[in-house]
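Student: Starting from these lines, generate the structure:
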Amino acid sequence: MTEFMGYIRPDGAVGVRNHVLLLSGTVYANRLCDHVANMIYNAVSITHPNGRCQVAPDLRITRRFLSGTGANPNVAAVIVVDHFREEGCTADDIAQDISPTGKLIATVNIRSDGGFISALEKAMRYAADFSRQVSDYRRETVPLSKLLFATECGTSDTTSGLASNPATGVCSDMIIAEGGRTILAECTEWMGCENWLTERAVNEDVAERILAGVQHMEQRALASGEDIRGSQPTGDNIIGGLTTIEEKSMGACKKAGNSPIIDYLEIAQPPTSEKPGLYVMYGPGHGAESISSMAAAGAQIQVFCTGGGHTSSHPIMPTIKITGNAESYRLMKDTVDVDVSDVLRGDITMQEAGKRLFDEVIAVANGRLTKSEVLKDDNSFAIHRIGPSI
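Tutor: Predicted coordinates:
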């Protein structure tokens, strides 16, 4: 059985990182969170433009994203910062959602704590204390079955569906064979290949929800007055040789490997089962929203397949970039971790490419920094929205 060294949390979840998180509850707390994270060792900030003047369904999604991110096992301690009080998504609400994990939690309210300077001092003292406490935490040996693995693709080109995406599918199957779980999101990129997924669903209900999710996303796009094919495939996809959304989907779905689909998840919803296998998640092709939804669902590591060399990385979930495009690896080697272009030259098999990626996943789970982490290039956190600001 494959094992890795992780941080066992009070609720039994296992982190591959040990962050102190400054979690902004609203756009007006962003700067304070950034200030503290810049001052305190091992602190990371999550900021966003939401949390105020949202329709009720969007405010619930915002809370789900924020609470799930704070609950992610890679977070050892969290300070939730609020500006005043947005009913239904306050710092106290978010902290209450996270509290079942048993991790260190504190809240700061800029107004009730006496203004920006006083709140900044309070948050900084919490963060400094938490950082010292969590520095005592030690990695322990755990089975790979404790891993929830996220898959994503972006700036896809013709090499993506032929090399990096299927190599990720091989890696996913290897993780699942060890008792782990994998998430496939981006339901806009299942279009035209839905039958590939429904044939692997464990029951009819899961199959029907896959179809309904794709149809719902397409209807939302049509409601805006534009066909989804007006923006998918994207401009860089077309430059990379992809011509239709169906062609793009044929490559994107290869990330799913060949394992059974256990369940269908709503966006940012944690898996409700501990069964090993593939879980599919509703959500857009927008990379930042997609990877943030999987981190909020509890994924500890993600592999991001990129033909053109994407720069997207999540603040708390290590992001391993893989490409099958030798030129993209040469141009983007500062942020792309794994090159499998040799599979296209016939120098290695697809199984060997997947094993190369699997070994990288285990190394990162054990503490190896991704290239994006080394550069602090944690540039992709975004919350999905379904309605207007009000």
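Student: can you pull the contacts of the residue nearest the centre of the chain?
Tutor: Closest to where the C-alpha atoms of the chain average out (C-alpha atoms, centre = their mean) is Ile291, at 3.0 Å. Shown in contact with Ile291 (C-beta atoms under 8 Å, 6 or more residues apart in numbering): 150, 152, 302, 304, 312, 314, 317, 319, 380. All C-beta spots, glycine's among them, are computed from the backbone N, C-alpha and C.
Student: how does it look with 10 Å?
Tutor: 150-152, 154, 185-186, 283, 299, 302, 304, 312-314, 317, 319, 380-382 (C-beta atoms under 10 Å, 6 or more residues apart in numbering).
Student: Am I right that it sits in a helix?
Tutor: Yes. Membership of Ile291 in a helix is supported by DSSP: H, G, I helix; E, B strand; the rest coil.
Student: quick one, phi/psi of Ser135?
Tutor: Reported as degrees, to the nearest 10, the phi and psi values for Ser135 are phi -70, psi -20.
Student: How many residues are close by the nearest residue in space to it that is not next to it in sequence?
Tutor: Once flanking residues are discounted, Ser135 sits nearest to Asn42: 7.5 Å by C-beta to C-beta, 6 or more residues apart in numbering. Neighbours of Asn42 under the rule other C-beta atoms under 10 Å: 18.
Student: Looks like Asn42 contacts Val20 (just checking).
Tutor: Yes. The pair Asn42 / Val20 is scored as a contact, 5.5 Å apart, by C-beta atoms under 10 Å.
Student: show me where this protein has helices.
Tutor: Taking DSSP state H as the test, the helices found in the chain are 30-39, 56-71, 91-98, 116-134, 158-159, 165-177, 194-198, 204-223, 235-239, 245-252, 287-296, 326-331, 350-365, 371-374.
Student: how about these in TSV, adding mean pLDDT and distance to Asp339?
Tutor: Listed next are those as TSV, based on pLDDT from 0 to 100; distance: least, C-beta to C-beta, whole Å:
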stretch	mean pLDDT	distance to Asp339
helix 30-39	97	32
helix 56-71	96	30
helix 91-98	97	38
helix 116-134	98	34
helix 158-159	86	11
helix 165-177	97	10
helix 194-198	91	27
helix 204-223	90	32
helix 235-239	61	19
helix 245-252	70	17
helix 287-296	95	20
helix 326-331	93	4
helix 350-365	98	9
helix 371-374	96	12
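Student: out of the ones you listed, deepest packed?
Tutor: Among the helices of the chain, helix 287-296 has the highest mean neighbour count (mean count of other C-beta atoms under 10 Å), at a mean of 27.
Student: Any chance of the backbone angles for Met317?
Tutor: According to degrees, to the nearest 10, Met317 has phi -110, psi 110.
Student: give the contact list for it.
Tutor: 16-17, 69, 72-74, 148, 150, 291-292, 294-296, 298-302, 378, 380-381.
Student: and what of Ile94?
Tutor: Contacts of Ile94 by C-beta under 10 Å, 6+ apart are 23, 25, 51, 62-63, 66-71, 78, 80-82, 105, 107.
Student: same thing but at 6 Å, please
Tutor: The contact partners of Ile94, taken as C-beta atoms under 6 Å, 6 or more residues apart in numbering, are 25, 66-67, 80.
Student: what does Thr101 give?
Tutor: 11, 71.
Student: Repeat that for Asp339.
Tutor: Contacts of Asp339 (C-beta under 6 Å, 6+ apart): Tyr329.
Student: separation between it and Val280?
Tutor: Distance, Asp339 to Val280, using C-beta to C-beta, to the nearest Å: 28 Å.
Student: tell me the phi and psi of the residue lying farthest from the centre of the chain?
Tutor: Among residues of the chain, the one most distant from the C-alpha centroid is Gly114; the distance is 35.0 Å, by C-alpha atoms, centre = their mean. Main-chain torsions, Gly114, degrees, to the nearest 10: phi 100, psi 20.
Student: domains of this protein?
Tutor: 19-134, 145-374 (automatic domain parsing).
Student: Looking at those domains, spot the one closest to Met5.
Tutor: domain 145-374 (4.9 Å; C-beta to C-beta).
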